[in-house]
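Undergrad: give me coordinates for this.
(chains A, B, C and D)
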There are 2 protein chains.
Amino acid sequence: MTQQSEQADGESAAPAAPTRRPTVKQVAAHAGVSHQTVSRYLRGDQGMKPATIARIEQAVRELDYRPDLVARSMRTGRTRVLAVLLPSPVQALPTPTLAAAAEVAHQAGYFMEVAVVDGGTPERVERARDLLGSGRVDGVLSMGALPGLEERPRTPEAAALVVHPQFDDRLRGLGALADGSVVAEAVEHLAGLGHRDFLHIAGPEEWASARSRRRVYEEAVARLGLTSHGVVSPGAEWDAWGPRSGYDAVAALPLDSPVTAVIAANDNVALGAIRAAGERGWAVPGRLSVVGWDDAEFGRYATPTLSTVAVDRSAQGRYAMRRLISLVAGEEPVDAPEQLNRLVLRESTGPAPARPGRPRTIDT
Amino acid sequence: MTQQSEQADGESAAPAAPTRRPTVKQVAAHAGVSHQTVSRYLRGDQGMKPATIARIEQAVRELDYRPDLVARSMRTGRTRVLAVLLPSPVQALPTPTLAAAAEVAHQAGYFMEVAVVDGGTPERVERARDLLGSGRVDGVLSMGALPGLEERPRTPEAAALVVHPQFDDRLRGLGALADGSVVAEAVEHLAGLGHRDFLHIAGPEEWASARSRRRVYEEAVARLGLTSHGVVSPGAEWDAWGPRSGYDAVAALPLDSPVTAVIAANDNVALGAIRAAGERGWAVPGRLSVVGWDDAEFGRYATPTLSTVAVDRSAQGRYAMRRLISLVAGEEPVDAPEQLNRLVLRESTGPAPARPGRPRTIDT
DNA sequence: TGCGCCAAAGTGATCGATCACAATATGATG
DNA sequence: CATCATATTGTGATCGATCACTTTGGCGCA
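TA: Numbering: from 1, shown residues only, chains lettered A, B, ... in the order given. Here you go, the predicted model:
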């Protein structure tokens, strides 16, 4: 009753109750060959008679057979599944990164799956350990730092692991250094426009990229002989990278603050900063220049439009996924792309205002 | 170095070459019990001696054993994995929806994985079929329409399927009707402020929610005796739901257009519309009122801040995932939540301007 | 005709967990 | 102390695919 295979010439035509999915053996019986031959066909083996292939193809079609990927993985030890580990309370979900990574994975014949992990770093690490050792995936690409876990190739014991450079504390590949370096460019540009007094609204400390940008900012300010009026870190974790932190930071400045240039952690933060400036009567960029990060779409249409750093997230995603695939396949790791970030100047930056309070000392 | 198994008293200390992951049998041997007892422990079976449990726990710890989920799934026929199918060229990735869904899944003891599918509707349907029949997942929640596929419970043949109501062409559950109804509220509010001439910048036709909102808009305008000066649909698919379509729509209006109120497909579109208005000297809301949809975060900080419809995406995600889980477990489907959308009024809407051209006929 | 060789397909074992059922330990009772 | 009911653990089969090895078939050549 469970399986009603229609014999070659027996006329027991009752294809009505397929309570179970067909297996290789049933396809084999239907096609009049052995299960191993069907398996060969599924594997795409070369040495097969066209007639045999045709018979199997017909059987597959008639039974609507789809291979049980679980059983296949069990035997082969590989799943062709790559997981992307994504921390759950992530405000700006990197859609282009994911899309590009998915495309690379797909082209290489892998499935890409995103595992969303809520909870903090310990939960993420634990989940990563589980995933790596579960046999359910061939590789893991983590979009968050994984303290205690190292990048590694695929072994019989565990899946391969790659940490996205932006979140990697070990400054690997295009890592944090290349990531933040454009901040220096932004500071230099603003200095060229006459700005001398800067403020940095940073991202949360846990993020490698946030720390990197902060460091580059501080170095650039020091190198150019400018003044930093502080680095504001977001107090509430829940609003890290959100507009609120930018709003609060600017709203907290004294009305006669000498700050004329703000380097914000990202475009959301920049937007909040601009709003706060507007509400206290500071024109942007007349009184205050603001630079964001991300080149978010809304930044091109906001008023004023946002000066920002365009990040090639697609390239990042492609690179990270290629790296993972090379580790899974046991090939040589691919090289990091050169430069992914670009300063984009729009309406939110402009010349520094004249400074009535403290006249600029010209002593050259 | 990784694991230093301390034998009880046997001194055959050769833990040097763990080339393979340990299995239940090895754990059993290490603990001095049978493999079935270990399996019982893993299943969380009740009738077990505390002493036995302790021995097994120690063995698991010492060997760093993690069950092979693939093998388990093979035998049980279930994976405890639920997949969310996500179309790849998706502009506004529904982070809160995903986060809420992930939380619900996690609490019910499931893993949630997101499968990103690039390509169009046919590819998505094919991928869904594969996923449903691969045995790799217990259920699928699709974030895109799946023409030809019906919602269904889990069977031995295939996984359960749920289509997120926002993308479901069959108007199921809280479906498209409830979804778009707040548009009527927005139109009524604007009519109350004196607006008589409306424009709707719609989302792409393929989306059930876009069609629904458009229909509600047209009904409301007709019912209240107002004038609709057209419904603009985005021409280029690649910019569907993007600010560009809003920008173009407003930029294309004649300078003496009587339109004073715009209902935009979402906040991005609204932002583009406002930008275009600003560039041609139309004050918002002085000359033009604009309403968005989504309550995107930037809308609270943009200038002007955006009037919009707040959508409880978390509730949507929870609901969809609960529905899926009930179908997977074979329980009664859960009821749809009542009302998820709420009109939020901010700076981008205001009283209609005086109308010099065509004086308003008062004939009550 | 017979032999050997290569191509093509078949047979049985196997991956690591759980299921069904059998077997043994444990404790209460007369 | 024997006996039974119950609690706890052990033995062998099984899920559906692939791997390793064996067998059969077809053809050329002496």
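Undergrad: only C-alpha atoms from now on, for both contacts and neighbour counts.
TA: OK.
Undergrad: identify the residue spatially nearest to A:P87, adjacent ones excluded.
TA: Spatial nearest neighbour of A:P87, chain neighbours left out: A:V117 (5.1 Å); criterion: CA to CA, 6 or more residues apart in numbering or on different chains.
Undergrad: so how many other residues sit close to the one you found?
TA: 24 (other CA atoms under 10 Å in any protein chain shown).
Undergrad: now do the phi/psi pair for it.
TA: In terms of degrees, to the nearest 10, the main-chain angles of A:V117 are phi -110, psi 120.
Undergrad: does A:V187 really touch A:A220, like I thought?
TA: Yes - if you go by CA atoms under 8 Å, A:V187 and A:A220 touch, sitting 6.8 Å apart.
Undergrad: between those two, who's got more neighbours?
TA: Comparing A:V187 with A:A220 by other CA under 10 Å, the one with more neighbours is A:V187, at 25 against 19.
Undergrad: what helix or strand is that one located in?
TA: helix A:175-192 (DSSP states H and E).
Undergrad: could you pull up the mean pLDDT of the helix or strand hosting A:S73?
TA: Per DSSP H and E, A:S73 falls inside helix A:69-76. For helix A:69-76, mean pLDDT is 94.
Undergrad: distance from it to the middle of the chain?
TA: 29 Å (CA atoms, centre = their mean, to the nearest Å).
Undergrad: let's see the helix or strand where A:T52 lies as PDB, backbone CA atoms only.
TA: Element membership for A:T52 (DSSP H and E) is helix A:50-63. What follows is helix A:50-63, C-alpha atoms only, in PDB (Å, rounded to 0.1, in the frame of the first residue of the first chain):
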ATOM      1  CA  PRO A  50      21.900   7.500 -23.700                       C
ATOM      2  CA  ALA A  51      19.100   5.000 -23.700                       C
ATOM      3  CA  THR A  52      19.600   4.300 -19.900                       C
ATOM      4  CA  ILE A  53      19.700   8.000 -19.200                       C
ATOM      5  CA  ALA A  54      16.500   8.500 -21.000                       C
ATOM      6  CA  ARG A  55      14.700   5.700 -19.100                       C
ATOM      7  CA  ILE A  56      15.800   7.200 -15.800                       C
ATOM      8  CA  GLU A  57      14.900  10.700 -16.800                       C
ATOM      9  CA  GLN A  58      11.400   9.500 -17.600                       C
ATOM     10  CA  ALA A  59      11.100   7.700 -14.400                       C
ATOM     11  CA  VAL A  60      12.200  10.700 -12.400                       C
ATOM     12  CA  ARG A  61       9.700  12.800 -14.200                       C
ATOM     13  CA  GLU A  62       6.800  10.500 -13.800                       C
ATOM     14  CA  LEU A  63       7.400  10.000 -10.100                       C
END
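Undergrad: mind listing what's buried along that helix?
TA: Within helix A:50-63, the residues scored as buried using 16 or more other CA atoms under 10 Å in any protein chain shown are A:52-53, A:55-57, A:59-60, A:63.
Undergrad: before we move on, back to that, ok, residues contacting the helix holding A:S73?
TA: Residues outside helix A:69-76 that contact it (CA atoms under 8 Å, 6 or more residues apart in numbering or on different chains) are A:79, B:70-71, B:73-74, B:134-136.
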